[in-house]
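Undergrad: Generate a structure from the sequence data that follows.
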Amino acid sequence: MNCLFCRIIEGQIPSSKVYEDEYVLAFRDIDPQAPTHILIIPKKHYDSVLEAGPRIIGRMTEVAKKLAVSEGIAENGFRIVINTGEEGGQSVKHLHMHLLGGRSMQWPPG
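TA: You can find the predicted model right below:
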């Protein structure tokens, strides 16, 4: 498979891992949009949130909560984002969740 995130999961491309279990991998974004910017991805390939069930979305959310605490961003607030489709801003066709924090988040995002 030529999926960037699948290649990261397989260890073909290095990443700055911050969490891993049998279902999910989390690593620091190479182009961070906030002081803390972590990508949380399922190890099983799903093109987008439209293909994934509640169990994996729930697992990703639980990991995001744990990482927000361990990264020190839980107390002041953070953002969790899942982009879906081209017009939704999804740049890699592998479901992924962004955990952003460490600065004030504006809405709408810029």
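
Undergrad: ok, the longest strand along the chain: who's next to it in the sheet?
TA: In the chain, assigned by DSSP state E, the strand with the most residues is strand 36-42. Here strand 36-42 has these sheet partners by DSSP bridges: strand 24-28 (antiparallel), strand 97-101 (antiparallel).

Undergrad: pLDDT below threshold where in the chain?
TA: Across the chain, the ranges flagged by pLDDT under 70 are 1, 109-110.

Undergrad: pull the longest helix from it.
TA: The single longest helix within the chain, with elements called by DSSP state H, is helix 54-70.

Undergrad: And the next helix or strand after that helix, how far out from the chain middle?
TA: Following helix 54-70 in sequence order, the next helix or strand is strand 78-81 (DSSP states H and E). Once both centres are worked out by Cα atoms, centre = their mean, to the nearest Å, strand 78-81 turns out to sit 9 Å from its chain's centre.

Undergrad: got the contact list for strand 78-81?
TA: The contact list for strand 78-81 (Cβ atoms under 8 Å, 6 or more residues apart in numbering) reads Ala34, Thr36, Thr61, Ala64, Ala68, Met97, His98, Leu99, Leu100, Gly101, Met105, Pro109. The way it works is simple: take the backbone N, C-alpha and C, and place the C-beta from them, glycine included.

Undergrad: ok, now stretch 7-24?
TA: Contacts to stretch 7-24, defined as Cβ under 8 Å, 6+ apart, come from residues 1, 4, 25-28, 38, 40-44, 56, 59-60, 63, 66-67, 71.

Undergrad: Give me the buried entries from those residues.
TA: For the contacts of stretch 7-24, a burial check counting by 16 or more other Cβ atoms under 10 Å picks out 25-27, 38, 40-42, 56, 59-60, 63, 67, 71.
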